[in-house]
Every structure is written in C-alpha cells, then in structure tokens.
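Enquirer: Structure, please.
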Amino acid sequence: MTAHSLPQPGRFLPDVNKTPTMVVDSGIHSGRAPERRRLPEAPARMAGMSPLLRRGARKNPADSVVTLIGKPGCHLCDDAEAVIAEICGELGARWEKKDITEDEELYRKYWEQIPVILVDGAQHDFWRVNPDRLRKALGA
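Expert: Numbering: from 1, shown residues only. Just a heads-up that it's a prediction; the model follows:
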C-alpha cells in the first residue's frame, strides 16, 4: 500500500458494522496501521452542534410567541409590524408588541437595534424582518 492510498486523518471510513469511524492517525509517519475510532451515536454528536445546523421535529407555530420591540413613530417598526401580523395570522402564531420607551430594561438592551423581533423570547431579527426566515423560525 502506498502512502497515497493510506487513509488520511480526519476522514470518515465505513466499517463492517455500518457504524461511522474516523481515522485519527493514518500511521504514515509512524509505520503503524491506521487507528480508527468509533464516532459517538448521532444524538451525542449533535449535542455540541449549533442549533442552527440541527434538524429536529418541526414545532407547531401556534405554540410560539413573536414579540416586536419598537417605539411610536418608527417607520421600520411599522414595516416589521405589518410583516409579523401577516405571517403570524397566516400560521396561527401569537404575537405581541412592546414599547421600548415604557420599559427601561428593553431600552438599555435594544435601543440601537429597534425594531427587534423575538421568537419565544430569543432574539430572532432586528431592523428588518425577513418573512421566509420568520416562517422557518415558527416551524412552517
């Protein structure tokens, strides 16, 4: 077997049990046989993965709450409200509007970003609302 045909470190290789393995040390420099390690089962591998990359069961949009944080006289807030009202009405999700001028904590946290959109309490967007992205966040 030539050095070019040896498995490279970091490459995934199938084994007889159909369980994914990864070559940790190709053995090229040490003269040893390549060392293989079993990868953890899928749920364990996904535990450290970003939630953006994980695929889980779709949630019911009616179980979500969209919060619009804005202020009176803000044209971007008016635009965001129109998009949120349309998408939430279409999907059956609940939504609420909070005035940043009436809540000191919201003002301190978001004053430079209004309008701010939260989905289930987590920041989803600010300044502009992307309708497709909001639909996906709501599970549609």
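
Enquirer: which residues in the protein form strands?
Expert: For the chain, applying DSSP state E gives strands covering 12-13, 21-25, 35-38, 65-70, 94-99, 116-119, 122-126.

Enquirer: Could you double-check that residue 85 lies in contact with residue 95?
Expert: Yes. Residue 85 lies in contact with residue 95 (Cβ atoms under 8 Å); the separation is 7.1 Å. C-beta here means a position set from N, CA and C on the backbone, and glycine is covered the same way.

Enquirer: Mind checking which of those two has more residues around it?
Expert: Neighbour count, other Cβ atoms under 10 Å: between residue 85 and residue 95, residue 95 has more, with 18 against 14.

Enquirer: all helices for the protein, in order.
Expert: Here the chain has its helices, by DSSP state H, at 42-47, 75-91, 104-110, 131-137.

Enquirer: Identify whichever of those lies nearest to residue 61.
Expert: Using Cβ to Cβ as the measure, helix 75-91 is the one of these that comes nearest residue 61, at 3.8 Å.

Enquirer: returning to that earlier point: output the helices of the chain as TSV; include the columns mean pLDDT.
Expert: Compiled in TSV, the helices of the chain are given as follows (pLDDT from 0 to 100):
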stretch	mean pLDDT
helix 42-47	56
helix 75-91	96
helix 104-110	94
helix 131-137	95
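
Enquirer: can you redo those helices as TSV with distance to residue 124?
Expert: Below are those laid out as TSV (distance: least, Cβ to Cβ, whole Å):
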stretch	distance to residue 124
helix 42-47	22
helix 75-91	10
helix 104-110	12
helix 131-137	6
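
Enquirer: Thanks a lot, catch you later.
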